[in-house]
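A.B. asks: sequence isn't available, so here's the structure alone:
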């Protein structure tokens with residue numbers, strides 16, 4: 001199983017350790033990370049995710065980011081928009097797209113405590129790929 005990862009560099013003190021956890025979990029599951037792309041923030045992910053999904057050497061994509069609460073509701077707006085786009089792209093390309101994006105509404109401390117959640121996103125992609133393979137038989 002070949003996975004692409006798109007990671008947001010915004011809040012890199014959280015997202016870069018998340019990327020490391022995702023890679024470790026993929027290795028444990030015997031999934032291959034074929035492509036990794038860095039973008040500024042999670043809102044910048046959709047065109048990169050779409051391009052990855054168009055590739056034949058990628059079976060699914062993991063999106064990694066951390067949406068930390070600020071003084072406005074911006075974190076909620078961005079997180080909801082990205083979740084919607086991820087679901088649309090998954091259906092459009094018939095490939096799993098997992099949200100390894102923590103938040104919204106988190107503090108810096110809560111975000112740091114959820115670094116290992118990136119492994120859950122890898123797990124989700126691998127499991128969906130297995131189900132899709134079974135259904136294709």
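C.D. replies: Received, thanks. As the structure is a prediction and not an experimental result, all values here were calculated from the model.
A.B. asks: quick check, residue 62 in a helix?
C.D. replies: No. Applying DSSP: H, G, I helix; E, B strand; the rest coil, one finds residue 62 to be strand, outside a helix.
A.B. asks: hey, what's the residue most central in space within the chain bridged with?
C.D. replies: Among the residues of the chain, residue 63 comes closest to the average C-alpha position under Cα atoms, centre = their mean, at 1.7 Å. Residue 63 has these beta-bridge partners by DSSP bridges: residue 6, residue 99.
A.B. asks: how confident is the prediction for it, by pLDDT?
C.D. replies: Per-residue confidence (pLDDT) for residue 63: 98.
A.B. asks: thought residue 75 was touching residue 101?
C.D. replies: No. Assessed by Cβ atoms under 8 Å, residue 75 is found out of contact with residue 101, at 10.8 Å. Where you see a C-beta, it was placed from the backbone N, CA and C, and this is true even at glycine.
A.B. asks: which neighbours do these two share?
C.D. replies: Both residue 75 and residue 101 are in contact with residue 67, where contact means Cβ atoms under 8 Å, 6 or more residues apart in numbering.
A.B. asks: who has more neighbours out of the two?
C.D. replies: The residue with more neighbours, out of residue 75 and residue 101, is residue 101; 26 against 19, by other Cβ atoms under 10 Å.
A.B. asks: give me the nearest residue to the more buried one, chain neighbours excluded.
C.D. replies: Nearest residue to residue 101, sequence neighbours excluded (Cβ to Cβ, 6 or more residues apart in numbering): residue 65, at 4.3 Å.
A.B. asks: wait, isn't the one you found in contact with residue 11?
C.D. replies: Yes. If you go by Cβ under 8 Å, residue 65 and residue 11 touch, sitting 7.3 Å apart.
A.B. asks: more neighbours: which of these two?
C.D. replies: Legend: neighbour count by other Cβ under 10 Å for residue 65 and residue 11, higher for residue 65 (29 against 21).
A.B. asks: need the contact list for residue 6.
C.D. replies: By Cβ under 8 Å, 6+ apart, the neighbours of residue 6 are 36, 37, 38, 39, 45, 48, 49, 52, 61, 62, 63, 64.
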